[in-house]
Each structure stands twice: as structure tokens, then as C-alpha cells.
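Asker: Fold the following and give me the result.
(chains A and B)
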Amino acid sequence: MKSLHLALAVVGTLSAFPASAAEQRINIGVGELTCPTCSYTVAAAMRGVPSVEIIDFTEGEEFGTGTYIVAFDDEATDQDMIVEAIRATGYPADIVESGDS
Amino acid sequence: MIRTMTETTSAGRQTAMGETPAADKKTWATTGLGVLGALAMTSCCILPLVLVSFGVTGVFIAQLGAFYQYKWITFALSAAFIGYGFYKAYSPIPAEACADGTCARPMNRTLMRSILWVATAIVAVAMIFPYLTPYLLSY
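Answerer: Here you go, the predicted structure:
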């Protein structure tokens, strides 16, 4: 019985933490990109978050909107930190599903 | 014969005679406003990018970007002030201006011209930069 508890504890611990860090990709929709350099300013803000890499940026159909495809290491940061880094510069940002922009 | 009352000091500084202190102040104020206009022109696009690149953050960054829609207004004001500054800094001073003895302390026109040229360069960069951004920067 004691060894069963130990085995369950080990399984629980292993399932709580991933075996290794993995690159994650998310789409982030941003608004109020009303100037030609705004999208670059937002990209610079995101690059301030550890491990973040901008894969692509596409302008949205509506003026001033755009979607970034962002890659990051989930051991170094998480998606909320990236979104918060954008919001901290005053631009509205949210995680969107692919093709949801 | 109209003779321009400009002289060059031993330090190489060209000075103009014939400007009253009030006129000096007005010309310098115009130059100052031209410089402020030039800086205002950088506020929408270059300044936020530079600030964020240096780790500065704040909701004002997005608000600065909103100034882009007023760029033609700031450009017109800057051009007017800088243009007037150039007119005052380069126009020759007629000898008659000093005839009544109202010549005041000399104005440093070389410094004014330098400031005006720098302001002009800033305005030019601020106007061109947004169009060159896709070629200069990458995501």
C-alpha cells in the first residue's frame, strides 16, 4: 500500500510538469495600430519578453488591426505575459484562434 | 549703396547688427517653436519605437501613435516656423536699420542657422521614416 502511494505520487508529479520545454505558437490579435510604425512598436514590446519570436504579422481587414504569429518557449514565459507586455504599451491585445482575426 | 551690416568676429562667429532685443526674442521664439514642431513630428512614429526598444513602457505609447493622424498639421506648423526662422537667419540686414542707433547686441546667426538645419533634418526624417519602415525594420 505504501509503494502504491509512492507510485501515484511520482505519476502525479510527472504529469504536473512537462518532461521538457516546448516551443509554443499562438496568434495574438492587436488593435489601434493606427500609424505605420505601430506594428513594429508592438513587436518590439513583445520581444522584450524572454524567448519570444515574431514569426509573422498580417494586417486585419479592419483598419488598425493585425494578427501576430508568435513563438515562445513555454518554460521561459507564458502567453499571458506576452499579451500583458502589449497591453502595457496601451494597445488592446487578445489571443485569437487561427483564422479568427 | 546698401551695405549689409554683418561682421565676422575673430572666433569666426558671424553676427548681425540692427536687430532689436525684441526682434531677437521673436526670432529665437520662432526657431524654438520650429524645433518643438520637429520633435512633435517624431512623437507618433519614431519616438514610441525608440522608447519601447529601450524598455520603456506605458499606455502613453499607444496614445503617441494616435498623433499620426495630425502629422500634416504638425508638419505645416513646423514648416511655417522653420521657414520664418530661415528668413530671419539668412536675410541681409540693411544699413538703414542701424542708422538711428537702435542696433542691439549682436545675434548669433550661425547658431540659429545650425538649429534650423537640424530641425529641418528632423522634420525630413520624421516625414520619410514611416514610408521606409518596412524596408528598414523587420518583425
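Asker: What parts of chain B come near chain A?
Answerer: B:44-46, B:48-49, B:52-53, B:55, B:57-63, B:65-69, B:129-131, B:133, B:137, B:139 (CB under 8 Å from any CB of the partner chain). C-betas here are computed from N, CA, C, even on glycine.
Asker: Which of those fall in strands?
Answerer: In strands, defined here by DSSP state E, there are no members of these.
Asker: Tell me the buried residues within the residues you listed.
Answerer: Buried by 16 or more other CB atoms under 10 Å in any protein chain shown: B:44-46, B:48-49, B:52, B:57, B:61-62, B:65, B:67-68, B:129-130, B:133, B:139, out of the residues of chain B next to chain A.
Asker: what sits against residue A:28?
Answerer: The contact partners of residue A:28, by CB atoms under 8 Å, 6 or more residues apart in numbering or on different chains, come to A:46, A:67, A:68, A:70, A:82, A:83, A:86, A:93, A:94, A:95, A:96.
Asker: Residue A:39 and residue B:112: what is the separation?
Answerer: 39 Å (CB to CB, to the nearest Å).
Asker: So for these two, which sits in the more crowded spot?
Answerer: Ranked by neighbour count (other CB atoms under 10 Å in any protein chain shown), residue A:39 and residue B:112 place residue A:39 first, with 24 against 21.
Asker: In chain A, where is pLDDT below threshold?
Answerer: Scanning chain A for pLDDT under 70 picks out the ranges A:1-21, A:98-101.
Asker: What of chain B?
Answerer: Within chain B, the segments meeting pLDDT under 70 span B:1-21, B:96-107.
Asker: Touching the helix or strand hosting residue A:95 from outside, list them.
Answerer: Applying DSSP states H and E as the criterion places residue A:95 in strand A:93-96. Strand A:93-96 is contacted by residues A:26, A:27, A:28, A:29, A:30, A:31, A:42, A:67, A:79, A:83, A:86, A:87 when judged by CB under 8 Å, 6+ apart.
Asker: Can you show me the CA trace of it as PDB?
Answerer: Below are the C-alpha coordinates for strand A:93-96, written out as PDB (Å, rounded to 0.1, in the frame of the first residue of the first chain):
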ATOM      1  CA  ALA A  93      -4.500  42.600 -27.400                       C
ATOM      2  CA  ASP A  94      -6.000  39.200 -27.200                       C
ATOM      3  CA  ILE A  95      -5.100  35.700 -28.100                       C
ATOM      4  CA  VAL A  96      -7.100  34.600 -31.100                       C
END
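Asker: Adjacent strands (with direction) for that strand?
Answerer: strand A:23-30 (antiparallel) (DSSP bridges).
Asker: Need the contact partners of the helix or strand following the partner strand.
Answerer: Following strand A:23-30 in sequence order, the next helix or strand is helix A:38-47 (DSSP H and E). With contact meaning CB under 8 Å, 6+ apart, helix A:38-47 is reached by A:28, A:30, A:32-33, A:52-54, A:57, A:59, A:66, A:68, A:70, A:82, A:85-86, A:88-89, A:91, A:93, B:48-49, B:52-53, B:57, B:61-62, B:65, B:68, B:133, B:137, B:139.
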